[in-house]
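1. Can you look at this prediction? I've put the sequence above it.
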Amino acid sequence: VREREREHEAMADIPPPASSSHQPFGAETDETQIGMEIELEPLLPLQQLQPHMIVAGNPFLASEYESSNSSLDVSASSRVLAYLYISHVLSRWGDRMWDFSVGLFLITVWRDSLLLTSLYGLVEATSVVLMGVLVGQWVDKSSRLKVIQVSLGVQNGSVAVAAVALVVLLLLPDSMKGGSKVFIFLVILVNALGGIATLAGLATNISVERDWVVVIADRRPLGFLTRMNAVMRRIDLSCKLLAPVLVGLIMSSVSVLAAAILIAVWNVISVGFEYWLLYSVYSAIPALHERQELEPPVVEIQENSKRVKEEESVLGQDDIRPHSDAVYYENTLSSQGNASKDQGLIPCFLKKVLSLPVIDGWRVYIRQEMVIAAFAHAMLYLTVLSFGPLMTATLKWQGVPAYVLGLARGVSALIGICATVVYPALHSHLQTVRTGLWSVSLQWAFLLFCVASVWIHNMKAASALLMSGVAASRLGLWMFDLAVTQLMQESVPEAERGIVGGVQSSLQSFFEMVPYIIGMLIPHPKDFGKLVLVSYASVAMALILYSIQVYHIRGHLFHMEKLFRRSL
């Protein structure tokens, strides 16, 4: 018996034969088994061994086994991934057409005034700041299919009706614009529907990009989630580049009215295709049908924690590994136990305030392991160093031709798309945490050109330096975006992905509003350099915060011994 056990352990390190028709190793003939007095458990062939059976003896073999099975799953589910990507194309194309054109529609309705455009942007950003947390909570509490049904219907329906309202506004005679009741009603309707569409789109994005993608990538080979995120971001940036081109061509060659009609028709037709594609994905992935409970059994927590510790000790990589929800729940249960001792010290009204959905959402967000990295990512939205309205208007005031602005914006988008190609390759060498550190450092370095442009008195040279720095910095920006997104996907418990995503979106929208407020306080284009410095300081602060997160995870920022070894 001992000899057979030793032989079986020795064979555990040998790959299984190509053919599955061989006899199980250690099996005896009937004649041998008849004379045995000790009953032995039959030994299974390696092909039939489950990963949990092998982990105790050889965790590396279990990892290889899971990877090979995952490869088969990937090839079998290529159609599901194609459906997911096509639905994302339809969704983002419609979003980018609307985002680009709504400001042009409003300035066409009321010429020589940015009031309507500014009002719409303010309503859109404020709606996310105030309601983003509640949207995230609703996503967590609802079934995944219901979230998609409601969010797609509300978003596409709101944009379609808003586009029809803009068609009516464009057809109104000039005598009715500015003060008539119909004009005021339609303007309010467009702004209200725009805010509703933004919240519905937020629900869709949180559900698909922060939840569905993680579930689909679960138990896949290492790097699968990285590639999925890169493809989704590449689709988004490609739509951001190409959709405005189509709308602009229609506005220039046909009419602004035709572009508004196109957007209304697109949203009515595409919603059916988007839902069918996502429903096909939902039906093909059984894991999407269930939601993880907020508080799993204690036994499951202990087993999962033990498994994670075993995997981490075996892998031994110098980087963060995907975190199990069990670790989080252990901390939660422990903190709840400690907090229960102090319940009598907290006033009743304070309890009620802290239990409000918005406050509770922020409490959930703050206790996340990657909260510092997420906050650093949100700080990058406090910037005018992008080809947005403020920087574009300033460059136009400096005398930069419109075609140059369009070309620079296109180059910037192309560099962003390149970042989604470079990220998986860089991630395979550095892993997620270090890739994020290198990326945000790269962005900070390229933006030094923008800072230098502030002190250059030649308008053309300053403008060229500003546009070059912003365009080049997109490489670091979008790689950092992918890195932080993956860190949050891997560390946030499944039951809290919605609320954490809602708080993150609210925080980003708040920081996005700050430059516009500063722009109202410093309105003259000649003072744009002050906004550039504020934006650069925000990026520098993001770099510092993320470095703190990296040090907290790894215990160091760089391998000093390797640096000294190379220098010697």
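-> That came through fine. Numbers count the residues shown, from 1 in each chain.
2. CA only for contacts and neighbour counts going forward, please
-> Noted.
3. which residues of the stretch 51-200 of the chain fall in strands?
-> With DSSP state E, counting those that start in this stretch, there are no strands along the stretch 51-200 of the chain.
4. An error on my part: the question was meant for the chain.
-> Shown for the chain, no strands are assigned by DSSP state E.
5. and residue 144, how many neighbours does it have?
-> 20 (other CA atoms under 10 Å).
6. Which neighbouring residues are in contact with it, exactly?
-> For residue 144, the contacting residues are 207, 288-289, by CA atoms under 8 Å, 6 or more residues apart in numbering.
7. List just the nearest of those to residue 128.
-> The closest of those to residue 128 turns out to be residue 207 (CA to CA; 15.7 Å).
8. OK, contacts around the closest residue in space to residue 378 that isn't next to it in sequence?
-> Closest residue in space to residue 378, ignoring its immediate chain neighbours: residue 508 at 4.8 Å, by CA to CA, 6 or more residues apart in numbering. Residue 508 makes contacts with 378-379, 381, as judged by CA under 8 Å, 6+ apart.
9. mind saving the C-alpha coords of stretch 451-458 as PDB?
-> Taking Å, rounded to 0.1, in the frame of the first residue of the first chain, the C-alpha atoms of stretch 451-458 are listed here in PDB:
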ATOM      1  CA  VAL A 451       3.500  73.500 -17.700                       C
ATOM      2  CA  ALA A 452       6.400  74.800 -19.800                       C
ATOM      3  CA  SER A 453       3.900  76.300 -22.300                       C
ATOM      4  CA  VAL A 454       2.600  78.700 -19.600                       C
ATOM      5  CA  TRP A 455       5.900  80.700 -19.700                       C
ATOM      6  CA  ILE A 456       6.300  80.700 -23.400                       C
ATOM      7  CA  HIS A 457       5.300  84.100 -24.900                       C
ATOM      8  CA  ASN A 458       5.100  83.000 -28.500                       C
END
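10. in that stretch, what counts as buried?
-> If you call a residue buried by 16 or more other CA atoms under 10 Å, then stretch 451-458 has these buried ones: 451, 453-454.
11. hmm, back to that, kindly write the PyMOL command that selects the buried subset of the contacts of residue 144.
-> Entered in PyMOL, the line below selects the buried ones among the contacts of residue 144, by 16+ other CA under 10 Å:
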select buried, resi 207+288
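12. For the contacts of residue 144, give me CSV that also has distance to residue 135 and pLDDT.
-> Shown next, in CSV, are these (distance: CA to CA, whole Å; pLDDT from 0 to 100):
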residue, distance to residue 135, pLDDT
207, 10, 92
288, 19, 89
289, 20, 86
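13. Narrow the contacts of residue 144 to those in helices?
-> residue 207 (DSSP state H).
14. What is the nearest of the contacts of residue 144 to residue 493?
-> Out of the contacts of residue 144, the member with the shortest distance to residue 493 (by CA to CA) is residue 207, at 13.7 Å.
15. so that closest one touches residue 498, yeah?
-> Yes. Using CA atoms under 8 Å, residue 207 makes contact with residue 498 at a distance of 6.9 Å.
16. list residues touching both of the two?
-> Shared contacts of residue 207 and residue 498, counting by CA under 8 Å, 6+ apart, come down to residue 139.
17. ranges for the helices of the stretch 101-250 of the chain?
-> 115-141, 144-171, 181-207, 213-217, 224-253 (DSSP state H, counting those that start in this stretch).
18. quick one: average pLDDT of the fourth one?
-> Spelled out, that is helix 213-217. Summarised as a single mean, pLDDT over helix 213-217 is 90.
19. Can you name every helix or strand that it contacts?
-> Helices and strands touching helix 213-217, by 3 or more CA pairs under 8 Å, 6 or more residues apart in numbering; DSSP states H and E, are helix 224-253.
20. Okay, buried residues for the helix it packs on please.
-> Result for helix 224-253 [16+ other CA under 10 Å]: buried residues 224-245, 247-248, 250-251.
21. quick one: average pLDDT of it?
-> The model assigns helix 224-253 a mean pLDDT of 88.
22. mind checking how far it is from the chain centre?
-> Centre-to-centre, helix 224-253 and its host chain are 16 Å apart (CA atoms, centre = their mean, to the nearest Å).
23. quick one on the thing from earlier: same list, the buried residues of stretch 451-458, but as CSV with pLDDT and distance to residue 263 please.
-> Output for these, formatted as CSV (pLDDT from 0 to 100; distance: CA to CA, whole Å):
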residue, pLDDT, distance to residue 263
451, 95, 39
453, 93, 39
454, 93, 40
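24. can you tell me which of those residues lies nearest to residue 473?
-> Checking the buried residues of stretch 451-458 against residue 473 with CA to CA, the nearest one is residue 451 at 12.6 Å.
25. any idea how far the closest one lies from residue 161?
-> 43 Å (CA to CA, to the nearest Å).
26. Kindly report the same for residue 122.
-> For residue 122 relative to residue 161 (CA to CA), the value is 20 Å.
27. Where does the prediction get shaky in the stretch 251-400 of the chain?
-> Applying pLDDT under 70 to the stretch 251-400 of the chain picks out residues 292-357.
28. Could I get the full set of helices for it?
-> Taking DSSP H, counting those that start in this stretch as the criterion, the stretch 251-400 of the chain carries its helices at 256-284, 298-315, 325-340, 348-354, 357-366, 371-379, 389-397.
29. What's the separation between residue 499 and residue 358?
-> 10 Å.
30. So which of those two has more stuff around it?
-> Shown here are residue 499 and residue 358; by other CA under 10 Å, residue 499 has more neighbours (28 against 18).
31. Correct me if wrong: that one contacts residue 139.
-> Yes. With contacts counted by CA under 8 Å, residue 499 reaches residue 139, the gap being 7.4 Å.
32. confidence score at the residue nearest in space to the middle of the chain?
-> Residue closest to the average C-alpha location in the chain (CA atoms, centre = their mean): residue 485, at 4.5 Å. Per-residue pLDDT puts residue 485 at 93.
33. residues touching it, list them.
-> So residue 485 contacts residue 210 (CA under 8 Å, 6+ apart).
34. how about 7 Å then?
-> Listed by CA atoms under 7 Å, 6 or more residues apart in numbering, the contact set of residue 485 is empty.
35. And it, how far from residue 206?
-> 11 Å.
36. list residues touching both of residue 499 and residue 358?
-> In contact with both residue 499 and residue 358: residue 133, using CA under 7 Å, 6+ apart.
37. out of the contacts of residue 144, which one sits closest to residue 489?
-> Nearest member of those to residue 489, counting by CA to CA, is residue 207, at 11.6 Å.
38. Before I go, just wanted to say thanks for your time.
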